[in-house]
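>>> Using only what follows, build the 3D model:
(one chain, ligands or ions: 1)
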Amino acid sequence: MSRTKNKGQNSYLELKSDERNSLVDAMGESQFRTQQINNWIYEHHVRSWDEMENLPQVLREKLNDTLLLHPLEIIHISGSETEPTRKFLFKTQDGHNIESVFMHDGDRTTVCISSQVGCAVDCKFCATASMGFIKNLSAGEIVDQVIHLQRESKSRITNVVFMGMGEPFLNYRRVIESAKTLNETMGFGARRITISTAGIVPRIKQFADENHQFKLAISLNAIDENRRKKIMPLTNTHPLETLLESARYYYEKTRRFITFEYVLLEGINDSPEDGKRLIGLLKALPYKVNVIPYNEIGGEFHRPAERTIHIFLQSLKNAPFTVTVRWSKGTDIDAGCGQLAVRTVA
Ligand code: SAH
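So this is what the prediction gives:
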């Protein structure tokens, strides 16, 4: 637990490796202590400095008096430890709330994490949009979600998806930094970390140029410019054609498949003709498509009837790309895709 007297202070997780070493050095200890501390945090997911048993008591006390360990504090957990889906509500040091979701299914345990408080992208069907943009999360705040979720769960997390609150590619530098920590320090394979973007074209190209190994997902959600503009106004800045061109660029540079997410909205993009046009739009390259039947958030959009969903999926049967369906988990606790929104600022 964070100590209230340290409120607003930096946390250890925010420090770069050389800053961690200097800190330990300034406390009169040798640098292998940094390795021990990191091990307690990233391998054992401890809550407090006090739990770091192999550190001298005096060092633990100094650390305790100097800085916070975790930048995030758990405020609430929806669902019990035995349930397959749980939603975590966190508070940042500056008093904002964010959410992360834990999903367990067979031998796969996925956590869905947030990259921003609120979101500036304003997708008309997404609950997070209603919060507006509040702030970017730091790399430490992003990684801390995974550390807390791992400690609070029995099964080992296998996959991390940047599909919670926020637009990861509008917080590009910190998202990449946090994904690198998950990969290099916490041991998650790069192909088990997925970054999902609403379609920030220059960042897709940058991501390709920098040759990151993390998986890329793009929220397509519509098959023509006009309809996409209506539900995802960022299409005015990043037109569909430019977006698809950046996806092609990514594939040509990296030879890695992109997953296109397609949120299925009643009467908007769910007809068999839409399915056929989706095939036409994407057929040039080996993509994957992930269809997400809409999770209701009480607004103007609706989830298509079960039959409509099946007819739509049927229309993709002969698609030259792989099609998967995400029957979102946790909609009963508002933990499904696009249902994350918190209004309370403590
Ligand atoms: N901003 C990023 C990541 C967050 S949204 C992005 O747009 O990709 C993660 C996924 O959930 C996106 O594919 C988005 O289109 C989808 N989504 C948003 N609201 C939804 C809702 N209410 N029901 C189902 N999926 C939703």
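
>>> most centrally placed residue in this structure?
Phe162 (1.7 Å; Cα atoms, centre = their mean).

>>> Tell me the spacing between Leu244 and Ile204.
10 Å (Cβ to Cβ, to the nearest Å). C-beta here means a position set from N, CA and C on the backbone, and glycine is covered the same way.

>>> do the same with Ile77
34 Å.

>>> neighbour count winner among the two?
Ile204 (23 against 15; other Cβ atoms under 10 Å).

>>> Next, report how far the strand or helix carrying that one is displaced from the centre of its chain.
Assigned by DSSP states H and E, Ile204 falls within helix 201-209. Relative to its chain's centre, helix 201-209 lies at 18 Å (Cα atoms, centre = their mean, to the nearest Å).

>>> Tell me the residues of this protein that contact the ligand?
By Cβ under 6 Å from any ligand atom, the residues of the chain that approach the ligand are 121, 125-126, 163, 167, 196-198, 219, 221, 261, 263, 292, 294-295, 297, 337-339.

>>> Over in the stretch 1-150 of the chain, which residue gets nearest the ligand? Let me know.
Cys126 (3.7 Å; Cβ to the nearest ligand atom).

>>> Distance of the nearest residue to that residue once chain neighbours are set aside relative to Val146?
In this structure, Cys126 finds its nearest non-sequential neighbour in Gly338, 4.4 Å apart by Cβ to Cβ, 6 or more residues apart in numbering. Between Gly338 and Val146 the distance is 21 Å, computed by Cβ to Cβ.

>>> Kindly report the same for Arg33.
In this view, Arg33 and Val146 are 23 Å apart by Cβ to Cβ.

>>> Could you do Leu68 as well?
17 Å.

>>> Could I get the buried residue list for the one helix or strand Arg227 maps to?
Using DSSP H and E, Arg227 maps to helix 225-231. For helix 225-231, a neighbour-count test (16 or more other Cβ atoms under 10 Å) marks 227-228, 231 as buried.

>>> moving C-terminal of the helix holding Ile204, what's the next helix or strand?
strand 215-219.

>>> quick one, that following strand and helix 201-209 angle?
Orientation check (axes from the mean of the first three to the mean of the last three Cα atoms, to 10 degrees): strand 215-219 against helix 201-209 gives 160 degrees.

>>> Report the distance from strand 215-219 to the chain centre.
Centroid separation for strand 215-219 versus its chain: 11 Å, with Cα atoms, centre = their mean.

>>> Could you do stretch 10-30 as well?
28 Å.

>>> Quick check: phi and psi on Thr109?
Backbone torsions of Thr109, given as degrees, to the nearest 10, read phi -120, psi 110.

>>> so who does it touch?
102-103, 153, 155-159 (Cβ atoms under 8 Å, 6 or more residues apart in numbering).

>>> Drop anything exposed from those residues.
Buried among the contacts of Thr109 by 16+ other Cβ under 10 Å: 102-103, 153, 157, 159.

>>> Serialize these to JSON lines and add fields for pLDDT, distance to Leu282 and secondary structure.
Putting the buried ones among the contacts of Thr109 into JSON lines (pLDDT from 0 to 100; distance: Cβ to Cβ, whole Å; DSSP: H, G, I helix; E, B strand; the rest coil) gives the following:
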{"residue": "Phe102", "pLDDT": "94", "distance to Leu282": "31", "secondary structure": "strand"}
{"residue": "Met103", "pLDDT": "92", "distance to Leu282": "27", "secondary structure": "strand"}
{"residue": "Ser153", "pLDDT": "90", "distance to Leu282": "36", "secondary structure": "coil"}
{"residue": "Ile157", "pLDDT": "97", "distance to Leu282": "31", "secondary structure": "coil"}
{"residue": "Asn159", "pLDDT": "97", "distance to Leu282": "24", "secondary structure": "strand"}
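
>>> Farthest pair within these?
Farthest-apart pair in those is Ser153 and Asn159; separation 13.0 Å (Cβ to Cβ).

>>> avg pLDDT for stretch 12-20?
Stretch 12-20 carries an average pLDDT of 95.

>>> who's in contact with it?
Here stretch 12-20 has contacts from 23, 34, 37-38, 41, 63, 67-71, 138-141, 143-144, 147, using Cβ under 8 Å, 6+ apart.
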